[in-house]
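J.: here is a sequence together with a model predicted from it:
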Amino acid sequence: DDRRRTCRTDRRRIAMATMAHRTRPCRIGRFGRAAKAHFRARAIPARVLEPEETTRLQQKFDGLVEALHGSSIYLVGMMGSGKSTVGKGIAEVMGYYYFDSDTLVEQAAGGKTVSQIFEEDGEECFRDLEVEVMSELCSFQRCVVGTGGGVVLRTRNWASMRNGVVIWLNGATSILAERAVGDGTGSRPLIANEGGEDLLSATQEKLENIFQERKHLYQEADACVSIQESADSNTSATPQVIVERCLDSIVYLMDKKKMELNERSKKSNMVNYNKLDDGKDTGGKKGFGG
């Protein structure tokens with residue numbers, strides 16, 4: 001139909017949109033030297049963290065970049081959870097490159113805003129473009145990606161994000177509603193309101209409904225980080241605190257993975273020792289200590 005024809009795009013267009021969003025090349029290879037030269041002069045985004053805070057976190061998490069071996073970091077969560085701000089902060093600390101998937105979708109759609117894509121082409125078109133963008137991004141290394149709230153709805157997006165670390169930024173819908181209303185709901189088609197005295201309550205109700213529909217999908221993330229000051233607080237933590245929590249969660253995941261690998265190695269060695277002890281693999285001779 002007309003909508004499907006309108007949103008049709010090729011992978012090259014997606015790739016070009018992805019390239020245009022970068023401040024510097026994420027890697028040499030697929031886009032080659034031309035891409036490197038093209039982005040060398042582009043401006044670096046405004047800093048999210050104070051220089052002293054960035055330095056402190058870099059010292060605290062020294063070695064984390066090497067431990068990740070180039071794996072990218074994907075932030076998922078509801079609209080208004082601060083994925084863009086936190087993502088830029090993480091990128092600053094780790095020396096990674098930052099992408100906003102919604103911005104890339106808009107560029108891939110020829111400059112249409114997310115709201116325009118929803119209105120003119122439909123949500124399915126937006127989701128199709130989002131899948132293409134995420135598929136392109138997963139081939140990059142050392143990137144932080146702030147995703148759209150509904151990225152978890154498509155299985156193909158999960159396949160793309162599993163190449164890296166997926167962190168769910170979670171917070172009370174009351175906080176998310178305040179942020180959404182403060183920023184203006186018009187740019188968020190799923191919660192757009194006509195206005196009125198009860199705008200905040202109406203927005204929070206819509207967000208709560210969306211959250212309940214997606215909660216089980218967000219729970220598939222590798223880690224969950226709260227954006228609240230404390231468990232019983234209705235106030236958001238600062239970006240610096242949330243960035244540090246995210247990095248702490250990555251360290252925890254890395255340590256957990258090491259422990260699991262060590263356990264597997266021990267079990268594997270135990271199996272080999274048992275084979276030696278049963279005499280089958282040694283021509284009837286006893287193994288260690290025999």
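T.: Yep, it's here. This one's a predicted model, so the numbers in the text were calculated from it and none came from an experiment.

J.: low-confidence ranges in the stretch 151-290 of the chain?
T.: Counting by pLDDT under 70, the stretch 151-290 of the chain has low-confidence residues at 183-197, 270-290.

J.: in it, which spans are helices?
T.: 155-161, 173-183, 199-218, 239-277 (DSSP state H, counting those that start in this stretch).

J.: turn these into a markdown table, including distance to residue 66.
T.: Heads up, the C-betas are built off the backbone N, CA and C, glycines and all. Converted to a markdown table, the helices of the stretch 151-290 of the chain look like this (distance: least, Cβ to Cβ, whole Å):
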| stretch | distance to residue 66 |
| --- | --- |
| helix 155-161 | 22 |
| helix 173-183 | 35 |
| helix 199-218 | 29 |
| helix 239-277 | 11 |
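
J.: how about the strands in the stretch 51-200 of the chain?
T.: Under the criterion DSSP state E, counting those that start in this stretch, the stretch 51-200 of the chain contains strands at 73-77, 97-100, 143-146, 165-170.

J.: paired strands for the last one, with orientation please.
T.: The strands that strand 165-170 pairs with in its sheet are strand 73-77 (parallel), strand 223-226 (parallel) (by DSSP bridges).

J.: roughly how far is it from the heart of the chain?
T.: 6 Å (Cα atoms, centre = their mean, to the nearest Å).

J.: what's the angle between it and helix 173-183?
T.: 90 degrees (axes from the mean of the first three to the mean of the last three Cα atoms, to 10 degrees).

J.: give me the contact list for strand 165-170.
T.: Contacts of strand 165-170 with the rest of the structure, by Cβ atoms under 8 Å, 6 or more residues apart in numbering, involve 68, 71-78, 81-83, 86, 218-227, 242, 246, 249-250, 253.

J.: okay, the angle between it and helix 199-218?
T.: 150 degrees.

J.: next, the angle from strand 165-170 to helix 239-277.
T.: Going by the same axes, to 10 degrees, strand 165-170 makes 130 degrees with helix 239-277.
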